[in-house]
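>>> below are the sequence and a predicted model for it; my questions follow.
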Amino acid sequence: MAVDTAPAPATPAALLDEKRTRKPIGGAVLAVIGAVIGGFALGKLGDRSVTFTLNLTLPDASWTVPAAPTVAILAALAAAAGILVAIGVPTRWFKLIMAAGATCLALSLLCWAMSQEGVVFRIESILAGALFLSLPYMFGALSGVVCERSGVINIGIEGQFLMGAFFGVLVASITGNSYAGILGAMIAGSLLTLLLAALATRYQVNQVVTGVILNLLALGFTGFMYDQLKKTPGYNNPHGVSNISSWLESIGLGFLGDIPVIGPVLFRQSIFVYVGLGLVAVIWFLLYRTRWGLRTRAVGEHPAAADSMGVNVNRLRFWNVAAAGLISGFGGAFFTIANNLAFNKNMTAGLGFVALAVMIVGRWNPLGVLAGALIFGFTTQVSRYLDTAGNSIIPGEFLQMLPYAVTLVVVAGLIGKAKAPAADGVPYNPGDK
Amino acid sequence: MRLELRGLTKKFGSFTADDNIDLTVEPGQIHAVLGENGAGKSTLMNMLYGILEPTSGEILIDGEPLTFSGPSDAIAAGIGMVHQHFKLVGPFSVADNVQLGREHTRGGGVLSAKAAREAVLDVSERYGLRLDPDAICEDLPVGVQQRVEIVKALSGPETELLILDEPTAVLTPAEITELLEIMRSLAASGTSILFISHKLKEVQAVADTITVIRRGKVVAELEPTASETEMASAMVGRAVTLTIDKTPAEPGEPRLEIEGLTVVNGAGVKVLDGLDLTVHSGEIVGLAGVEGNGQTELARTILGLLKPDAGQIIIDGVNVRSHTPSRRIADGLGYIPEDRGRDGVIAEFSVAENLVLNQYKDMPYAGGGVVRADAIRQRALGSIAEFDIRTQSPNELVSSLSGGNAQKVIIAREFSRPRHLLVAAQPTRGVDVGATEFIHQRLVTERDTGTGVLLISSELDEIYAMADRIAVIYNGRIVGEVAPDTPREVIGRLMVGASMEDAEHADPDEVEVTGPEAEETPAAEAAETSAPEADDTPTTDSGTSESDSNDEQSNGGDR
């Protein structure tokens, strides 16, 4: 049956009206910022220049462009996008124009920052680092997706990270094997979500409160254990994991790592990167192409509907949340094992909460999570890079703020109202309507 | 399938929702269960579908006693249920909703979209219920969503008994006609149907046997030949008058004049589009229309909760553009909101507090910034007596009242102060026969004292019974104003967007076309294409949640 979901016929003028999107305030802000940056660039940058290199594969190649016009042109493009949005654009172009404007603005700021004396834009290092640093966001947000798609708010990702980070390093030290450590991290993360699952489904406690408490519990517990471990040396030794490049070389594919840009980004990474990317694909497939996924989404959207078709809502929620802890626990191991760092008190520094933001930016979809995580990974990497490159115009503390500032701007400005699963955070009692 | 219930009883604590119910559904029979809100119908069906466990009693299918520990047991036994509030996952496609819980897989739990689509097409062809398996449910008009529910219920392994719980509550007249036709053809093909309703006309039209339930007990077994009065009296337990005694209206000066009213919602859709309407003193103007065509916005704009983008509202000759809602109320505007739970009462406040919600800061209920409990209590005692509000005391919470009594609290609040204009939106929604009778009589009394009454209702019966003049709203415009003796078909056509001339000259039989082909009439087609545009089209769970939550309360549901 041809069920026509299009609006009833309207006059041509009205049709044109409806298909345009206008954001006067957002557009004007973008335009003004673009214009200001462009103006300052022309006035202040003088004859500075930006140098790009492929430092990992072709150390000799480098390109240098004058900073002032580059920054000014990028800023002007951003301003133009802002003006377009302010006066109204066709709705199907809106997102593209907005994203292009934001990208131009970010690139112009980046070029400005890289125009400092002695700072070189090392494209490969920055991109490879960005992918690596996006991992905690990716693991945390994927864990959040699995929980919230089933209708349970998991605000305790931070706590699961801490548990994973700590137990990962502890098990790795005891066994002398990082892979055993990773397994320990997953189980530790899952133990915490088991508690959340039981409280949320069996006892129907408020899930936000539970999550906050579990975070504090994990923070206190790992902090205490850390103090104990300091007295017994040898139990805080992460061992680290191997890089894929050595394995590629051993099977004769070492040349893959030498491809400019792609090589360092994709073929010289820690195995954590491949697990993360693989998980994105696997969870997307599971959610949208399998029976488990259909039921999980139904339970998060309209549990009564699922219940009336014989799906055991609370049991499915329980096991999904418990399983999600394996993912965030794995993400916890990133902080210690993947970075080959010893555990430290509160070493996750709030990234679990940023991961929640990434989940929302990604609209509860694994592919969106991948995009969001990459943006956040990129900003983290840039802020670190500029900080270590020294003599930056901006103080290091402000640079460290960058990922969080991006969170606010992206969530508030670009995404707007994201639609959470309808039954997210709502306990289910069989017999409810 | 032959279904037999023997002595089925359900107790919630000390409250008995269903008491010793005996009922037999013969194969291929349409068996109606009639009862007021809170009579125990929903509890009974939930036991039958395995959602609730009976306290005692037996369910026998083809003579074999069965116990259900969950809906999946009931489905396996061949029972399908269409719930009052659709159990559809809004963002899912039709095929995904139908396959939920019994997915078509290619092994290893991987879904087969093709098999799911074919299964929907198979069932929809077999029963003549046309559906697009790929359509997203939340975008579909309510009538089509219900068709999805029926196909879902029929897609069980061997569904032989279909439970329809208040299926017509959210449908347009054309959709109701079509549903009744579907029910008849299903019964003819051997499916037994248990039809839960409190709408007498529909029961009369379609049922083979009628069981009346009152306060959890079977009080009568009637034949479909029974008169409406007979059925209503059995439901309520006393004699009920279904017709309203009213003298011809004597319209006076205009109370409400609306000119070119336009309201654009957040999504940029014109929910009201140049609407013109006048209500005079001493008349009831009935606003008929399919829900979601701007009625909600119109009522809210008259009250001042929405700002018009164009046009004006004149009350008693004064343009009220700059007046706040509280000023409009103080100037004599009465308002009975359509969503009682959200806009009408504060459920966790007492009856007495709810009765003075719009006067709490005025003398004599408050002075010097302090409320006067005594005055409020006196007022409450007066209203409770005058409006027959069934409550233990003025201090009882409104949440513990039945739907009808909560509505009486609103009526009492609005009718107990001077007013010139009354906007009554769905005033009897989810209200039982007895209370409906009372509310209708008060509305007529109101009219006779010179108030202008705008009655917004999706029940055409109510409009016919009450209105002195009928205005039909479609897509935010008044598409016709007609006298109350206009044939139903004409109004039905206007409600789905036909022009005045088309509506009057079309062959009236065409709307009543039998079976699924009914959909091909321009009217039904128009209903399908137009509804998604309206912003407020009730989706799976919104809309009439009110009646049901009250149902639940008076059932003593212990949650």
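Cool, got the structure. Values in this document were obtained by computation on a predicted structure and should not be read as measured data.
>>> all contacts plus neighbour counts: C-alpha atoms, from now on.
Noted.
>>> for residue A:49, give me phi and psi.
Taking degrees, to the nearest 10, you get phi -140, psi 160 for the backbone angles of residue A:49.
>>> what do you get for the one 3 residues further on?
Main-chain torsions, residue A:52, degrees, to the nearest 10: phi -100, psi 140.
>>> what about it, how many neighbours?
Residue A:52: 18 surrounding residues under other C-alpha atoms under 10 Å in any protein chain shown.
>>> how near is it to residue A:66?
11 Å (C-alpha to C-alpha, to the nearest Å).
>>> cool, and residue A:268?
Residue A:268 is 32 Å from residue A:66, where distance means C-alpha to C-alpha.
>>> partner strands of the longest strand that chain A contains, parallel or antiparallel?
Using DSSP state E, we find that the single longest strand of chain A is strand A:58-66. Strand A:58-66 pairs in its sheet with strand A:49-54 (antiparallel), by DSSP bridges.
>>> what sits up against the strand it pairs with?
For strand A:49-54, contacts defined as C-alpha atoms under 8 Å, 6 or more residues apart in numbering or on different chains pick out A:59-68, A:111, A:114-116, A:119-124, A:260-261.
>>> roughly how far is the helix or strand harbouring residue B:329 from the heart of the chain?
According to DSSP states H and E, residue B:329 maps onto helix B:325-330. Distance, stretch centre to chain centre, for helix B:325-330: 29 Å (C-alpha atoms, centre = their mean, to the nearest Å).
>>> nearest spatial neighbour of residue 260, skipping sequence neighbours?
Picked chain A for this. With sequence-adjacent residues excluded and distances taken as C-alpha to C-alpha, 6 or more residues apart in numbering or on different chains, residue A:260 is closest to residue A:57, at 5.6 Å.
>>> wrong one, I was asking about chain B
That would be residue B:274: by C-alpha to C-alpha, 6+ apart, it lies 3.8 Å from residue B:260.
>>> in the stretch 201-350 of chain A, which spans are helices?
Secondary structure of the stretch 201-350 of chain A (DSSP state H, counting those that start in this stretch): helices located at A:207-231, A:244-250, A:262-267, A:271-289, A:291-301, A:303-308, A:313-333.
>>> which one of these lies nearest to residue B:127?
Among the helices of the stretch 201-350 of chain A, the nearest to residue B:127 by C-alpha to C-alpha is helix A:303-308 (22.4 Å).
>>> how about the residues of the stretch 151-300 of chain A near chain B?
The stretch 151-300 of chain A comes close to chain B at residues A:289-292, A:294-295, A:298, as judged by C-alpha under 8 Å from any C-alpha of the partner chain.
>>> got the residues you listed as a markdown table, with neighbour count and pLDDT columns?
Formatted as a markdown table, these follow (neighbours: other C-alpha atoms under 10 Å in any protein chain shown; pLDDT from 0 to 100):
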| residue | neighbour count | pLDDT |
| --- | --- | --- |
| A:289 | 17 | 94 |
| A:290 | 22 | 95 |
| A:291 | 22 | 95 |
| A:292 | 18 | 96 |
| A:294 | 22 | 96 |
| A:295 | 25 | 96 |
| A:298 | 32 | 96 |
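>>> by mean pLDDT, point me to the weakest helix or strand of chain A.
helix A:12-18 (a mean of 46; mean pLDDT, DSSP states H and E).
>>> can you list contacts of the helix or strand following that one?
For helix A:12-18, the following helix or strand on the C-terminal side (DSSP H and E) is strand A:20-21. The contact list for strand A:20-21, computed with C-alpha under 8 Å, 6+ apart, reads A:85, A:88-91, A:94.
>>> then stretch B:363-372?
B:356, B:359-361, B:373, B:375-376.
>>> take those residues and write them to TSV, including neighbour count and distance to chain A.
Below are these laid out as TSV (neighbours: other C-alpha atoms under 10 Å in any protein chain shown; distance: C-alpha to the nearest C-alpha, whole Å):
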residue	neighbour count	distance to chain A
B:356	22	31
B:359	19	35
B:360	19	34
B:361	16	36
B:373	13	35
B:375	14	39
B:376	22	36
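>>> reformat those as TSV; add secondary structure and pLDDT.
Converted to TSV, the contacts of stretch B:363-372 look like this (DSSP: H, G, I helix; E, B strand; the rest coil; pLDDT from 0 to 100):
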residue	secondary structure	pLDDT
B:356	coil	89
B:359	coil	81
B:360	coil	79
B:361	coil	75
B:373	helix	87
B:375	helix	89
B:376	helix	90
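>>> nearest to residue B:304, of those residues?
Once C-alpha to C-alpha is applied, the member of the contacts of stretch B:363-372 that ends up nearest residue B:304 is residue B:359, at 17.4 Å.
>>> pLDDT score for the closest residue to the closest one other than its chain neighbours?
Nearest residue to residue B:359, sequence neighbours excluded (C-alpha to C-alpha, 6+ apart): residue B:365, at 7.2 Å. On pLDDT, residue B:365 comes in at 84.
>>> ok, what's across the strand from the nearest residue to residue A:62 once chain neighbours are set aside?
Nearest residue to residue A:62 in three dimensions, chain neighbours excluded: residue A:53, at 4.5 Å (C-alpha to C-alpha, 6+ apart). Taking DSSP bridges as the rule, residue A:53 bridges to residue A:62, residue A:122.
>>> how near is residue A:53 to residue A:188?
Residue A:53 is 42 Å from residue A:188, by C-alpha to C-alpha.
>>> quick one: which of the two has more around it?
Per other C-alpha under 10 Å, whichever of residue A:53 and residue A:188 has more neighbours is residue A:188, with 27 against 19.
>>> keeping just the C-alphas, turn the helix or strand containing the more buried one into PDB.
Using DSSP H and E, residue A:188 falls within helix A:178-197. Provided in PDB are the C-alpha atoms of helix A:178-197 (Å, rounded to 0.1, in the frame of the first residue of the first chain):
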ATOM      1  CA  SER A 178      49.100  -7.900  29.500                       C
ATOM      2  CA  TYR A 179      46.400  -9.900  27.700                       C
ATOM      3  CA  ALA A 180      45.500 -11.500  31.000                       C
ATOM      4  CA  GLY A 181      45.500  -8.000  32.300                       C
ATOM      5  CA  ILE A 182      43.000  -6.900  29.700                       C
ATOM      6  CA  LEU A 183      40.800  -9.800  30.600                       C
ATOM      7  CA  GLY A 184      41.000  -8.800  34.200                       C
ATOM      8  CA  ALA A 185      40.000  -5.200  33.300                       C
ATOM      9  CA  MET A 186      37.000  -6.400  31.400                       C
ATOM     10  CA  ILE A 187      35.800  -8.600  34.300                       C
ATOM     11  CA  ALA A 188      36.400  -5.700  36.700                       C
ATOM     12  CA  GLY A 189      34.300  -3.300  34.600                       C
ATOM     13  CA  SER A 190      31.600  -5.900  34.300                       C
ATOM     14  CA  LEU A 191      31.500  -6.400  38.000                       C
ATOM     15  CA  LEU A 192      30.600  -2.800  38.400                       C
ATOM     16  CA  THR A 193      27.900  -2.900  35.800                       C
ATOM     17  CA  LEU A 194      26.500  -6.100  37.300                       C
ATOM     18  CA  LEU A 195      25.800  -4.000  40.300                       C
ATOM     19  CA  LEU A 196      24.200  -1.300  38.200                       C
ATOM     20  CA  ALA A 197      22.100  -3.900  36.300                       C
END
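>>> other SSEs contacting it?
helix A:157-175, helix A:207-231, helix A:313-333 (3 or more C-alpha pairs under 8 Å, 6 or more residues apart in numbering or on different chains; DSSP states H and E).
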